[in-house]
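**Q** predicted model, plus sequence, below.
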Amino acid sequence: MNVIACENLTKRQGKENTLHDLSFTLKDKSITGLIGRNGAGKTTLLKILAGLWRETSGEVSVFSEKPFNSMLVSANSIYIDDQMAFPTALTLSELLKEGERFYGNWNMKLAERLFEYFSFHPNQIHNTLSKGKKSTFNMIVGLASRCELTMFDEPTTGMDAAVRNDFYRALLKDYLAHPRTFLISSHHLDEIEDLLEDILLIEDGEKVLQLPMDDLKEYAVGLTGRTEIVRQWAMNKEVLYTQEIDLNSTYVVIKNGYFEVENAKRLGINVSPVSSSDVCVYLTNKKKGGIDDVFK
Ligand SMILES: Nc1ncnc2c1ncn2[C@@H]1O[C@H](COP(=O)(O)OP(=O)(O)OP(=O)(O)O)[C@@H](O)[C@H]1O
């Protein structure tokens, strides 16, 4: 069953379409990474799915309802970002009690255990927490809510490496025990790729790619060798990236199924894997070129 379905979803903000004809579905009980460069439209999409913003045109449905102003969607989904503002009159422990009052699936035991593990004090006030601590508290709210649809927008902002690892592990453990739908936007694909089942890559408000994480890991290969040989070999293949140094070149090409690795090796071409996060960078760099172009 699909939890989310978008068809030609478009959002106009000011004079720009910040989402443009975006069509995709998201099945339930899955963890999807929403990946894209700065300004790609990730937050805009998540806010529309959470019912906070209204779409300009196209169709968007969450739990088969239009999310804007939907009680069903707000009761069964949660959107966590680093801009979350909680009432300053309430302490952290009171905020957790409010969470329990609002969310039907809220698990107070999990909230309290995480609260203690991350060394929060019940009487602290949210807006006095450090950046990383705010994100950590928000993450506790997101996990303890056990919402059918949980959306994290750059959840690890400000967290140190140890807390980020704890967060990913906590999310995975809780997901395995209580499967639900997670949509996580992140700039750290390399850190979260083992957590993800699927990715949705967007750029300039448009869908670039949606596929299982395992397929993304196999999506492209790097070919390095004498420029004329590599160039010849890459002909008729979709090239994502090229770098020429003296007489040698590296070409990153899309594999598209069977790839004749042995033939390439025989010609002296070194074939290497390309990380998922590099593939995403190359796919979204196509229009802009690389930083080296600035210095040409
Ligand atoms: N309230 C707004 N009014 C006008 N334009 C907006 C508004 N909010 C966002 N935008 C524009 O929409 C585009 C997408 O922004 P969005 O915040 O969704 O991107 P993002 O992928 O989340 O970026 P980042 O990774 O930097 O957080 C940007 O060009 C941004 O300037």
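**A** Great, that's in hand. This one's a predicted model, so the numbers in the text were calculated from it and none came from an experiment.
**Q** pLDDT score for residue 212?
**A** The model reports residue 212 with a pLDDT of 96.
**Q** for the closest residue in space to it that isn't next to it in sequence, what are phi and psi?
**A** What sits nearest to residue 212 in space, not counting adjacent residues and going by C-beta to C-beta, 6 or more residues apart in numbering, is residue 198, at 5.4 Å. Where C-beta positions appear, they are placed from N, C-alpha and C, glycine not excepted. The phi/psi pair for residue 198 (degrees, to the nearest 10) reads phi -140, psi 160.
**Q** and this structure, which residues reach the ligand?
**A** Residues of the chain lying close to the ligand by C-beta under 6 Å from any ligand atom are 13, 14, 18, 36, 38, 39, 40, 41, 42, 43, 44.
**Q** show me these that map onto helices.
**A** Judged by DSSP state H, the subset of the residues of the chain next to the ligand located in helices is 42, 43, 44.
**Q** show me what secondary structure element comes after the worst-scoring helix or strand of the chain on mean pLDDT.
**A** Lowest mean confidence among the helices and strands of the chain (mean pLDDT, DSSP states H and E): helix 261-266, at a mean of 81. Next in sequence after helix 261-266, counting helices and strands by DSSP states H and E, comes strand 270-273.
**Q** buried residues in that next one?
**A** residue 271 (16 or more other C-beta atoms under 10 Å).
**Q** show me which of the ones in helices among the residues of the chain next to the ligand are buried.
**A** The neighbour count (16+ other C-beta under 10 Å) marks 42, 43, 44 as buried among these.
**Q** give the contact list for the second one.
**A** The contact partners of residue 43, taken as C-beta atoms under 8 Å, 6 or more residues apart in numbering, are 81, 153, 185.
**Q** mind putting the residues you listed in TSV, secondary structure, neighbour count and pLDDT included?
**A** Converted to TSV, those look like this (DSSP: H, G, I helix; E, B strand; the rest coil; neighbours: other C-beta atoms under 10 Å; pLDDT from 0 to 100):
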residue	secondary structure	neighbour count	pLDDT
81	coil	19	94
153	strand	23	96
185	strand	22	96
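**Q** okay, residue 287: pLDDT?
**A** The confidence metric pLDDT takes the value 57 at residue 287.
**Q** coming back round to it: need the ones in helices among the residues of the chain next to the ligand in TSV with distance to residue 32 and pLDDT, can you?
**A** Compiled in TSV, these are given as follows (distance: C-beta to C-beta, whole Å; pLDDT from 0 to 100):
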residue	distance to residue 32	pLDDT
42	12	96
43	16	97
44	17	97
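**Q** let me know the closest of the residues you listed to residue 57.
**A** residue 44 (13.9 Å; C-beta to C-beta).
**Q** that closest one touches residue 9, doesn't it?
**A** No - counting by C-beta atoms under 8 Å, residue 44 stays clear of residue 9, with 9.9 Å between them.
**Q** helix, strand, or coil at the spatially closest residue to residue 141 that is not a sequence neighbour?
**A** Spatial nearest neighbour of residue 141, excluding adjacent residues (C-beta to C-beta, 6+ apart): residue 99 at 5.6 Å. The three-state label given to residue 99 by DSSP: H, G, I helix; E, B strand; the rest coil is helix.
**Q** contacts only, for residue 99.
**A** Residues in contact with residue 99 (C-beta under 8 Å, 6+ apart) are 106, 111, 141, 144, 145.
**Q** just the buried ones out of those, please.
**A** 106, 111, 141, 144, 145.
**Q** closest to residue 130 among these?
**A** When the buried ones among the contacts of residue 99 are ranked by distance to residue 130 (C-beta to C-beta), residue 141 comes first, at 16.8 Å.
**Q** helix or strand: which one has the closest one?
**A** Using DSSP H and E, residue 141 maps to helix 131-144.
**Q** output the below-cut-off pLDDT ranges for this protein.
**A** Filtered on pLDDT under 70, the chain yields the residue ranges 257-259, 286-291.
**Q** is it true that residue 8 lies in a strand?
**A** Yes - the assignment for residue 8 (three-state DSSP) places it in a strand.
**Q** begin at 24 from here
**A** Got it, first residue is 24 now, which makes that one residue 31.
**Q** now, which of the ones in helices among the residues of the chain next to the ligand sits nearest residue 257?
**A** Using C-beta to C-beta, those come closest to residue 257 at residue 65, 31.5 Å.
**Q** that closest one reaches residue 208, doesn't it?
**A** Yes - at 4.2 Å, residue 65 and residue 208 qualify as touching, with contact defined as C-beta under 8 Å.
**Q** how about residue 108, what does it touch?
**A** Residue 108 touches 149, 150, counting by C-beta under 8 Å, 6+ apart.
**Q** distance check, it against the ligand.
**A** Taking C-beta to the nearest ligand atom, to the nearest Å as the measure, residue 108 falls 16 Å from the ligand.
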